[in-house]
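Novice: pasting a predicted model and its sequence here:
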Amino acid sequence: MRISENKAVMLLSEQLALASGYGCNKAKEIGIAAALHDVGKKHTPTHILEKPEKLTSDEFEIIKQHTKIGYIMLSSMVGDVGKMAKFTALMHHEYFNGKGYWGIPSQKLPSYIGIVSIADVFCALLSPYRPYKQGWPPNEATQYIKEQAGVQFCPELVNIFMKLIQTNKCVSAIFMQ
């Protein structure tokens with residue numbers, strides 16, 4: 001049985017947070033933030049989300065807005081989880097090298113943003129439910145994450161992710177089907 005991609009991002013983020021040294025409660029909060037990271041896509045036109053071809057530059061600008069919309073949608077959330085969820089929705093497409101959506105190097109952001117980013121990309125690569133691509137085999141998705149260390153992702157988090165994927169039977173069972 002396959003789990004939803006959103007739940008997979010949540011579970012992997014939680015596991016990666018634990019492996020990164022976050023305590024159980026904070027890891028659960030990161031999981032909640034991860035589950036809400038793409039909530040802004042609910043206001044992205046379906047014809048763009050389901051487009052099988054490469055997006056035009058105008059369409060890509062519309063897609064980028066899901067991060068800001070998600071932040072606004074989550075603005076009424078309070079407490080640590082609320083703050084984390086809003087910030088995750090806004091910043092989960094930032095790259096380690098500063099070439100993400102908003103140009104903020106992810107090493108200047110809390111590490112939970114990098115955790116959710118790795119989980120999001122990994123699950124998206126594996127997903128068979130994208131109209132513009134086939135799901136990647138797990139070994140290719142893992143290799144991509146590894147190759148993006150220092151570019152898209154924090155090298156330290158990538159190392160932790162690689163160990164987690166190789167040693168955690170629960171993670172492997174969920175994501176390496």
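Specialist: The structure has been received and is ready for your questions.
Novice: name the nearest residue to the residue nearest in space to the middle of the chain, sequence neighbours excluded.
Specialist: The chain has Asp120 as the residue nearest its centroid, 2.4 Å off, counting by Cα atoms, centre = their mean. Spatially, and ignoring its direct neighbours in sequence, Asp120 is nearest to Val9 (5.3 Å; Cβ to Cβ, 6 or more residues apart in numbering). Using the backbone N, CA and C atoms, a C-beta is placed for each residue, glycine as well.
Novice: from what I can see the one you found touches Val121, true?
Specialist: No - Val9 lies out of contact with Val121 (Cβ atoms under 8 Å); the separation is 9.5 Å.
Novice: of the two, who's got more company?
Specialist: Val9 (25 against 19; other Cβ atoms under 10 Å).
Novice: which ones are touching the more buried one?
Specialist: 34-35, 37, 116, 119-120, 123 (Cβ atoms under 8 Å, 6 or more residues apart in numbering).
Novice: and which of these is nearest Ala149?
Specialist: Ala119 (15.1 Å; Cβ to Cβ).
Novice: point out where this protein drops to low pLDDT.
Specialist: For the chain, the stretches with pLDDT under 70 are 1-2, 169-177.
Novice: where do the helices of it begin and end?
Specialist: Per DSSP state H, the chain carries helices over the ranges 5-19, 24-35, 46-49, 57-73, 79-91, 111-126, 138-147, 155-167, 169-175.
Novice: out of those, deepest packed?
Specialist: helix 111-126 (a mean of 24; mean count of other Cβ atoms under 10 Å).
Novice: distance from it to the middle of the chain?
Specialist: 3 Å (Cα atoms, centre = their mean, to the nearest Å).
Novice: what is that helix packed up against?
Specialist: Packing partners of helix 111-126 (3 or more Cβ pairs under 8 Å, 6 or more residues apart in numbering; DSSP states H and E): helix 5-19, helix 24-35, helix 79-91, helix 138-147, helix 155-167, helix 169-175.
Novice: any chance of the helices of the chain in TSV, plus distance to Lys99?
Specialist: As requested, the helices of the chain are exported to TSV (distance: least, Cβ to Cβ, whole Å):
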stretch	distance to Lys99
helix 5-19	22
helix 24-35	22
helix 46-49	22
helix 57-73	13
helix 79-91	14
helix 111-126	13
helix 138-147	15
helix 155-167	16
helix 169-175	26
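Novice: Ile104: which of those helices is closest?
Specialist: Among the helices of the chain, helix 79-91 sits nearest to Ile104 (Cβ to Cβ), with 6.9 Å.
Novice: now for the closest one, which elements pack on it?
Specialist: Against helix 79-91 (3+ Cβ pairs under 8 Å, 6+ apart) you get helix 24-35, helix 57-73, helix 111-126.
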